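Colleague: Sequence first, then the predicted structure:
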Amino acid sequence: MRDLPRGLRAGPPVDAADLLDPGPWRHRYVTANGCRFHVAESGPDDGAAPLVLLLHGFPQSWRAWKHQLVALAAAGYRAAAMDLRGSGASDKPPRGYDTATLTADAAGVVKALGAQRAVLVGSGWGAWAAWASPALQPATTAAIASLGEPHPLLALRQPWRVLTPSAAKHVARVQVPAFPEWAVRDGSMVEEVLRAWGAPGWADDAVVAEHAQALRVPFAAHAALECYRWMARSRVRADGHAFARSLSRPAAVPVLTAQGTLDGAVVPGSCRRSVRWAGAAYRWAEVPGAGHFLGEEAPEVTSELLLDWLGTLHLATDPH
């Protein structure tokens, strides 16, 4: 692997406050499910507009949704991009990186923002939380969109048909202690994942440096890997079996899935196979030339897909 940008490899720890980039959004902190979460919010703040909660994956943070924050707000939605548990400027507790807890976190943030329900849009682990929310947190889930991530049961039951060799290698190698955390803090794992999973040429030095910076916040590297460790353990643990059973029925809310044709993490076409876990209100979209990180690699196309789909939902405003 070639050298990373100067100052990235073995860089110093980062203060979470340095991740709160200025822009046409509002930074705030809310308490939910026993943790303090950072949220970047845009659009109407009177509590009346429909809420769209944006949930990132690995190795991302709230920054992955900057374009969508602007586009959704311009269309009249209230958009909120949260740093998931263990990420960015949110709390980094030692436990709670199973998907069920992530869904409870998201539901708690919806309530903490003063909304009754939200549309959940997820990428990576955020998409797992979105997929699980209709079953585990139905009261706060109005609809879900999964970008680049098939239904969790596909990955758990048939990982060899869903994960690319690069993604399978990544899941396996992070199961050992210590060294993976070093590779995340060092930036080498971040670079490898972004360049292997994204479309060729997308993850330039600036993209790699921005993502790596967020993972140099103390304890962020360890927390970022715990979801993968839970995924592996869940296949033989009681809590994992209970999680799988809870997701066995189709989602009772509208579902959008989208995937790039050059996805380097999930075998192209896998997301479309998630239709068996979606109800009648299901939409599928393919994004030509994009890799795994749709919201960042194809921001305009992704925002247009979301807005077109949201327009079909006839979302009611919150009665506040």
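Modeller: Yes, it's here. Residues are numbered from 1 along each chain as shown.
Colleague: Surely residue 118 and residue 139 touch.
Modeller: No - using C-beta atoms under 8 Å, residue 118 and residue 139 do not qualify as a contacting pair, with a distance of 10.9 Å. For the C-beta atoms, the positions are set from N, CA and C on the backbone; glycine is no exception.
Colleague: which of the two has more neighbours?
Modeller: residue 118 (27 against 10; other C-beta atoms under 10 Å).
Colleague: Pull the contacting residues for that one.
Modeller: Shown in contact with residue 118 (C-beta atoms under 8 Å, 6 or more residues apart in numbering): 50, 51, 52, 53, 80, 110, 140, 141, 142.
Colleague: cool, and residue 20?
Modeller: The neighbourhood of residue 20, defined by C-beta under 8 Å, 6+ apart, consists of 27, 38, 40, 89.
Colleague: Most widely separated two among these?
Modeller: 40 and 89 (9.4 Å; C-beta to C-beta).
Colleague: what is in contact with the two at once?
Modeller: 20, 62.
Colleague: closest to residue 259 among the contacts of residue 20?
Modeller: Of those, the one sitting nearest to residue 259 (C-beta to C-beta) turns out to be residue 40, at 25.2 Å.
Colleague: does that closest one have beta-bridge partners, and which?
Modeller: residue 27, residue 81 (DSSP bridges).
Colleague: That one: neighbour count?
Modeller: Residue 40: 26 neighbours (other C-beta under 10 Å).
Colleague: mind checking the SS state of the closest residue in space to residue 198 that isn't next to it in sequence?
Modeller: The shortest distance from residue 198 to any residue other than its chain neighbours is 3.8 Å, reached at residue 291 (C-beta to C-beta, 6 or more residues apart in numbering). Following DSSP: H, G, I helix; E, B strand; the rest coil, residue 291 is assigned to coil.
Colleague: how near is residue 291 to residue 193?
Modeller: In this view, residue 291 and residue 193 are 11 Å apart by C-beta to C-beta, to the nearest Å.
Colleague: what do those two both touch?
Modeller: Here residue 291 and residue 193 have residue 265 as joint contacts, going by C-beta under 8 Å, 6+ apart.
Colleague: neighbour count winner among these two?
Modeller: Relative neighbour count places residue 291 above the other of residue 291 and residue 193, with 29 against 23, counting by other C-beta under 10 Å.
Colleague: List the contacts of the more buried one.
Modeller: Taking C-beta under 8 Å, 6+ apart as the definition of contact, the neighbours of residue 291 are 197, 198, 199, 202, 260, 262, 263, 264, 265, 297.
Colleague: Please repeat the previous calculation with a cut-off of 6 Å.
Modeller: Residue 291 makes contact with 197, 198, 199, 260, 262, 263, 264, 297, according to C-beta atoms under 6 Å, 6 or more residues apart in numbering.
Colleague: Switch the residues you listed over to CSV; also include secondary structure, pLDDT and neighbour count.
Modeller: Written out in CSV, the entries for these read as follows (DSSP: H, G, I helix; E, B strand; the rest coil; pLDDT from 0 to 100; neighbours: other C-beta atoms under 10 Å):
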residue, secondary structure, pLDDT, neighbour count
197, helix, 99, 28
198, coil, 99, 23
199, coil, 98, 20
260, strand, 98, 28
262, coil, 98, 18
263, coil, 98, 26
264, coil, 98, 22
297, helix, 99, 23
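Colleague: Including distance to residue 96, could these go into a markdown table?
Modeller: Rendered in a markdown table, the data for these read as follows (distance: C-beta to C-beta, whole Å):
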| residue | distance to residue 96 |
| --- | --- |
| 197 | 25 |
| 198 | 28 |
| 199 | 33 |
| 260 | 30 |
| 262 | 33 |
| 263 | 28 |
| 264 | 29 |
| 297 | 30 |
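Colleague: quick one: which of those residues is nearest residue 154?
Modeller: The shortest approach to residue 154 among these belongs to residue 263, at 13.9 Å (C-beta to C-beta).
Colleague: Counting neighbours, what do you get for the nearest residue to the closest one once chain neighbours are set aside?
Modeller: Ranked by C-beta to C-beta, 6+ apart and with sequence neighbours excluded, the top spatial neighbour of residue 263 is residue 292, at 4.8 Å. Around residue 292 sit 29 other residues, with neighbours defined as other C-beta under 10 Å.
Colleague: so who does residue 292 touch?
Modeller: With contacts taken as C-beta under 6 Å, 6+ apart, residue 292 has the following neighbours: 148, 197, 263, 264, 265.
Colleague: Look up how far residue 123 lies from the second one.
Modeller: Distance, residue 197 to residue 123, using C-beta to C-beta: 11 Å.
Colleague: Isn't residue 315 up against residue 49?
Modeller: No - in terms of C-beta atoms under 6 Å, residue 315 does not count as a neighbour of residue 49; the distance is 9.1 Å.
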